[in-house]
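# pasting the sequence and the predicted coordinates here, then a few questions.
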Amino acid sequence: MTDRNRRGTAVDQQQADLRHDEVQAGTQTGLDEPDVDVTDARQNSLWSDAWGELKRNPLFWIGSLLALGFVVMALFPSLFARGADPRDCSLANSQGKPSAEHWFGFDQQGCDYLANVVYGARNSLIIGLLAVAVVLVMGILVGAVAGFFGGGVDSLLSRITDIFYALPLVLGALVVLRSGTLGRGVVAVAIALAAFGWMTAMRLVRSQVIAVKSSDYVAAARAMGASNGRILVRHILPNAVAPVLVYTTITIGVLIAAEATLTYLGVGLQRPAISWGLQIDAGQNLLRVSPHLVLFPSLALTLTVMAFVMLGDALRDALDPRQRA
Amino acid sequence: MTRPDLSEPAPAPDPTGTPVLEVDDLHVEFRTRGGVVNAVNGVSYSLAEGETLAILGESGSGKSVSAQAIMGILDSPPARITGGGIFFQGRDLLTMPEDEQRKVRGPGISMIFQDALSSLNPVYSVGFQIGEMFRAHRGTSRKEAKQHAIELMDRVRIPGARARVNDYPHQFSGGMRQRVMIAMAIALDPRVLIADEPTTALDVTVQAQVMDLLKDLQRDTGMGLILITHDLGVVNEVADNVAVMYAGRIVERGTVDDVFNNPAHPYTDGLMSSVPQVEHKGGRLLPIIGQPPNLAAIPPGCPFHPRCARRRLEADALPGRVCDTDVPPLRLVVPGREAACHYSEEVLGA
């Protein structure tokens, strides 16, 4: 802000002078004496105002700090592993309890569990984020088109969505992964999960678009000569995305957990890949004797989901000016 | 830095009196499950530069639907324009390609709505929405658009325009919101402004301010103003000419003074008698008996005949002028006055 002030002072002074002259000459009413910072002559947009709002929200900072932590962990796991190699295992340490030396203890194979959880962040985050990105794009695209154009287009797209709805998420992903056309990698798992997880997002967007479409401000925009594309992007979507944003942030956790289920069924990631899903899956058989094997990856998963839920909530609030104080 | 001069006086009203907007025999119907609703049945009117035409009528008379047809914002389906033409500066909007229509709506013809709060997008600041008019139609930069927005807000007399340009619609009072709406509507200097019950949602004192503002803006720019209302007081104050609508038809048209002082149609006569007037203090108000017609089943003949005290049926009617079978055309009754009643001369003489 201070930067803008300095840059704008000269211009602002000129404008004030000009205005003064105009008021004297009677060509302007002089009703508006500048009493706020108007040196930034750019128009405030939805996103710049939303950013200003986000900056003041502690929820946003906690959420983004957590999320950033996990992203850094996914990119540079060696920084967090305390020098341990997740694949340097010794059966002598099998199911070792957490200690000062090995904070998270050891897994069944005697591998350092802290290193495993840290190295698992990468695959789990990629699956969660990639799948959710596909869900969001599919949901908004199909939902907006169906809701906005209505009629036959809506019927067709809604029925296609219903077909996907009929298949349970895990069963659908299982069939896709079993067919083997996508392989068994991280991307394949993410796409398989997204392919059967986008329908609720589509329904949310569609119903919001239908509600917003009939609002007076859309009619007003149309009356003022706005094109379909402009109406959809400028007027309808900004008023329709809030519920789907919140939904998708929660879905990140569901999808990361679903990856664990696929692994359990033998079609997800396979060892020697490292992921939280694999760890939770392996740990649950030993829950009685070594609860820490489930506890630590679950904790990482929970914190990740919490970070994105916080971000989603903050974003929703920032996008609705009526929520602002 | 050069400032675009928005207060530059517009060209004087067209001396030839060529209409800037002409509606010709417009028909609009709604196809619903319950049958076809004939909302507008052959409405014609024209508007000259600088003219204020009031379209008066009760709810369901088709006054708003005809305006929505002009602006291209009918909900279709179920609404359909089934006949007629809408000519802006001689060109028919209904046969124009859609992208040509968009160049007329906004820059040429613009509209303000009854409820300004719901007509403004809640997620954008008012300055952004006013500026959007320039950005959408003229590709103006954000910076310039904001300058224009401030000037327009000043022009519609929003106090502290500069301070309020980044405020959101919900932070404004009802009267100020309507001013924002007006600022958007006049942004591109339209030749025709349609105001659909612009003051209905406002307090009486604010109503007067908004109407004064509209009149001042019209005088400055020379635009034609179509005022859709059911408020006889507003019509009397600001309009030059008035068209009275009933059951999707214009039943009477003339200058405001003529129509108000000496109605030529029994419906207009009934409207005038139902308004309290200072001169008739203590007298009884005479309501129009009966209900407005069901537009899915408009009575045969004159649509007003079931409610008309002067109706003449088979027994005492003149040939070809039976109220419940013959539809009265809109005809010139006396110079400068049209009415759609078989017996207008009698109504006038009464």
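Received the coordinates, thanks.
# contacts and neighbour counts: CA atoms only from here.
Fine.
# what ranges does chain B have for its strands?
Using DSSP state E, the strands of chain B run over B:19-32, B:35-48, B:52-56, B:79-88, B:91-92, B:109-112, B:192-196, B:224-229, B:241-246, B:249-255, B:331-334, B:337-339.
# what pLDDT does the most centrally placed residue in chain A get?
The centroid of chain A falls nearest to A:Thr249 when counting by C-alpha atoms, centre = their mean (4.8 Å). If you check A:Thr249, the pLDDT there is 82.
# for it, helix, strand, or coil?
What DSSP: H, G, I helix; E, B strand; the rest coil gives for A:Thr249 is helix.
# that one contacts A:Val305, doesn't it?
Yes: if you go by C-alpha atoms under 8 Å, A:Thr249 and A:Val305 touch, sitting 7.4 Å apart.
# related to what we said a few turns ago, out of the strands of chain B, which one sits most buried?
For these, the largest average neighbour count (mean count of other C-alpha atoms under 10 Å in any protein chain shown) is found in strand B:109-112, namely a mean of 28.
# give me the mean pLDDT for that one.
pLDDT averaged over strand B:109-112 gives 92.
# need the CA coordinates for that strand. CSV is fine.
Extracted as CSV, the C-alpha positions of strand B:109-112 are listed here (Å, rounded to 0.1, in the frame of the first residue of the first chain):
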residue,chain,number,x,y,z
ILE,B,109,-31.3,0.9,-25.2
SER,B,110,-30.8,0.4,-21.5
MET,B,111,-33.0,-0.5,-18.6
ILE,B,112,-33.3,-0.1,-14.8
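# who touches the nearest residue to B:Phe30 once chain neighbours are set aside in this structure?
Using C-alpha to C-alpha, 6 or more residues apart in numbering or on different chains and skipping residues adjacent in sequence, the residue nearest B:Phe30 is B:Ala79, 4.3 Å away. Residues counted as contacts of B:Ala79 (C-alpha atoms under 8 Å, 6 or more residues apart in numbering or on different chains) are B:Val28, B:Glu29, B:Phe30, B:Arg31.
# next: A:Ala194.
A:Ala131, A:Val132, A:Val134, A:Val135.
# where does it fall, secondary structure wise?
Using DSSP states H and E, A:Ala194 sits in helix A:186-195.
# A:Leu255 too?
helix A:242-264.
# so does that helix get close to chain B?
No: Helix A:242-264 does not reach chain B (C-alpha under 8 Å from any C-alpha of the partner chain); its nearest approach is 11.6 Å.
# measure how far the following helix or strand past that helix is from the centre of its chain, please.
Next along the chain after helix A:242-264, taking DSSP H and E as the criterion, comes helix A:276-284. Mean-position distance between helix A:276-284 and its chain equals 24 Å (C-alpha atoms, centre = their mean, to the nearest Å).
# what's the answer for stretch A:161-169, then?
Worked out by C-alpha atoms, centre = their mean, stretch A:161-169 lies 23 Å from the chain centre.
# in it, what counts as buried?
A:Thr161, A:Phe164, A:Tyr165, A:Leu169 (16 or more other C-alpha atoms under 10 Å in any protein chain shown).
# now B:Met223: how far from A:Pro272?
76 Å (C-alpha to C-alpha, to the nearest Å).
# now render the contacts of A:Ala194 as JSON lines, adding neighbour count and pLDDT.
Formatted as JSON lines, those follow (neighbours: other C-alpha atoms under 10 Å in any protein chain shown; pLDDT from 0 to 100):
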{"residue": "A:Ala131", "neighbour count": "27", "pLDDT": "92"}
{"residue": "A:Val132", "neighbour count": "27", "pLDDT": "92"}
{"residue": "A:Val134", "neighbour count": "18", "pLDDT": "94"}
{"residue": "A:Val135", "neighbour count": "27", "pLDDT": "94"}
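# how about B:Asn38: what's its closest non-neighbour residue?
Here the residue nearest B:Asn38, using C-alpha to C-alpha, 6+ apart, is B:Glu29, at 4.5 Å.
# that neighbour contacts B:Gly42, doesn't it?
No: contact criterion C-alpha under 8 Å: B:Glu29 and B:Gly42 do not qualify, at 11.0 Å.
# intersection of neighbour lists for these two?
By C-alpha under 8 Å, 6+ apart, no residue touches both B:Glu29 and B:Gly42.
# neighbours around residue 317, how many?
Just so you know, I chose chain A. By other C-alpha atoms under 10 Å in any protein chain shown, the residues close to A:Asp317 number 17.
# oops, I was thinking of chain B
14.
# ok, now which ones touch residue 131?
You didn't pick a chain, so chain A it is. Contacts for A:Ala131 (C-alpha under 8 Å, 6+ apart) come out as A:Ala190, A:Ile191, A:Leu193, A:Ala194, A:Ile252, A:Leu255.
# please refer instead to chain B.
Residues counted as contacts of B:Gly131 (C-alpha under 8 Å, 6+ apart) are B:Arg142, B:Ala145, B:Lys146, B:His148, B:Ala149.
# so of those, which ones are in helices?
Among those, DSSP state H puts B:Arg142, B:Ala145, B:Lys146, B:His148, B:Ala149 in helices.
# where is the longest helix in chain B?
helix B:204-221.
# chain A now?
Criterion DSSP H: the longest helix present in chain A is helix A:113-149.
# how does the chain divide into domains?
Picking chain A for this. With domains defined by automatic domain parsing, chain A comprises A:1-42, A:46-323.
# my question was about chain B, not that one.
B:109-187, B:262-349.
# and the average pLDDT for the longest one is what?
It stands for domain B:262-349. On average, the pLDDT along domain B:262-349 is 84.
# centre of the chain versus that domain, how much separation?
22 Å.
# show me where the stretch 201-325 of chain A dips below the pLDDT cut-off.
A:323-325 (pLDDT under 70).
# so which bits of it are right by chain B?
Checking the stretch 201-325 of chain A against chain B by C-alpha under 8 Å from any C-alpha, the hits are A:215-220, A:222-227, A:235, A:238-239, A:319-322.
# what lies in contact with stretch A:179-193?
Residues from elsewhere that reach stretch A:179-193, judged by C-alpha under 8 Å, 6+ apart: A:123, A:126-128, A:130-131, A:134, A:169-170, A:172-174, A:176-177, A:255, A:258-259, A:267-269.
# the more surrounded of B:Met223 and A:Pro272?
Neighbours per residue, other C-alpha under 10 Å: of B:Met223 and A:Pro272, the larger number sits with B:Met223, 28 against 8.
# and the strands of chain B: which comes nearest B:Ala296?
Comparison of these against B:Ala296 by C-alpha to C-alpha identifies strand B:35-48 as nearest, at 4.2 Å.
# parallel or antiparallel, list what pairs with the closest one.
According to DSSP bridges, strand B:35-48 forms sheet pairs with strand B:19-32 (antiparallel).
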